[in-house]
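predicted model, plus sequence, below.
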Amino acid sequence: MSGIEIQKVTAHIGARVFGIDISKPLDEESAAAVREALNVHKALVFDDVHLDDASQQAFVRHLGDVTTAHPTVSSVDGVPNVLPVDSERGRAANHWHTDVTFVLNPPQASTLRSITLPPYGGETLIASSAAAYRQLPESLRQLADTLWAEHTNDYDYAVPDEEIDEDQAAQRAQFTSIKYRTVHPVVRVHPLTGERGLFIGGFAQRIVGLSPSESRKVLDLLQAYVTRPENILRHRWSPKQLVLFDNRITQHYAVDNYDGRPRRLHRVTAAGDIPVGVDGKESYSIEGDASHYTPVAA
């Protein structure tokens, strides 16, 4: 594997990668080794990386086309493909989610690079939805295989209305400035590995054919398998780190346990394909055009 060493971190998710300089262009063999490691381990940690915004994007291009920063949220100034994940913008990522599932083709992979870190706390949790699916009882797996869920950005997933100040209200208005509603299979088949994973998370708000209250119960039941401690990588950030995770078959959560200290990561994502369910059918859009945000990967 081109001198690359993969060190497994937990049974179900996560590995550290050594012996590769991702700040430089990768040869075909090295890029293939990274992709294979991602397929197997779902989340990869690269230590002591010497990246800036441009070289982070160059690394992501080994996986596919780079998306713009976000469908509605502004990018780093002058860098349209990089999203600042900044505590000063609020801490709305402290919920379980898969990135941007409210669009038709969410990113296939996400990278986060440490910029400013608090002296304690601020970990990122990443969960394997493939492990969660495998752990479902057979009868629940059969049910999940048939379900479809509507994902949307048009709701507040962080705090109730009465707790929102003016800055948070402005952030919410920007986040929902274009309304998206997309229906995805609850069980997604990974296009490269054939693995099945629970494709739900915080933007999944309703099961097609069920009432809101019925939907919530079903989604909560399935989500409980995703967030089992055994299925989670708890990543404690260090300077000069990059984490790459497969957005098709993971969820993540930014832990808000750092007393409001400055915390900033830069996110770059690779364009994804349209999800496909167990029955071979593709996701479909109800509302919202994301063509300005991402091309559709083959």
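Looks like it arrived, so ask away. Numbering: from 1, shown residues only.

ok, the closest residue in space to Lys179 that isn't next to it in sequence - contacts?
Excluding its sequence neighbours, the residue lying closest to Lys179 (Cβ to Cβ, 6 or more residues apart in numbering) is Asp154, at 4.8 Å. C-betas here are computed from N, CA, C, even on glycine. For Asp154, the contact set (Cβ atoms under 8 Å, 6 or more residues apart in numbering) comprises Thr176, Lys179, Tyr180, Arg181.

same check, this time on Leu26
Ile20, Val34, Phe59, His62.

which of these has the largest number of neighbours?
Phe59 (26 neighbours; other Cβ atoms under 10 Å).

nearest to Ala131, of the contacts of Leu26?
Ranked by distance to Ala131 (Cβ to Cβ), the contacts of Leu26 are led by Val34 at 21.1 Å.

which secondary structure state does that closest one sit in?
helix (DSSP: H, G, I helix; E, B strand; the rest coil).

kindly report the same for Asn257.
coil.

relative to Pro295, how far out is the nearest residue to it once chain neighbours are set aside?
Counting by Cβ to Cβ, 6+ apart, Asn257 lies nearest to Gly121, which is 3.8 Å off, once chain neighbours are set aside. Counting by Cβ to Cβ, to the nearest Å, the separation of Gly121 from Pro295 is 36 Å.

same check on Leu233?
29 Å.

those two: which is more packed in?
Neighbours were counted for Leu233 and for Pro295 using other Cβ under 10 Å; Leu233 has more, 24 against 13.

check contacts around that one.
For Leu233, the contacting residues are Val9, Thr10, Ile13, Gly14, Ala43, Leu125, Ile126, Ala127, by Cβ under 8 Å, 6+ apart.

hmm, try it at 7 Å
Leu233 makes contacts with Val9, Thr10, Ile13, Gly14, Ala43, Ile126, as judged by Cβ atoms under 7 Å, 6 or more residues apart in numbering.

and what of Glu195?
Ala130, Ile249.

go with 8 Å
Ala130, Tyr133, Val189, Ile249.

out of those residues, who's the most crowded?
Neighbour-wise, those (other Cβ under 10 Å) top out at Ile249, 29 neighbours.

just the element for Gln171, please.
Assigned by DSSP states H and E, Gln171 belongs to helix 166-175.

so what pLDDT did the residue nearest to Ala290 when sequence neighbours are not counted get?
Closest residue to Ala290 in three dimensions, ignoring its sequence neighbours and counting by Cβ to Cβ, 6+ apart: Val103, at 3.9 Å. Note for Val103: predicted pLDDT of 98.

and what of Thr152?
pLDDT, Thr152: 97.

ok, for it, nearest residue in space, not its chain neighbours?
Arg181 (4.7 Å).

report how many residues lie close to the one you found.
18.
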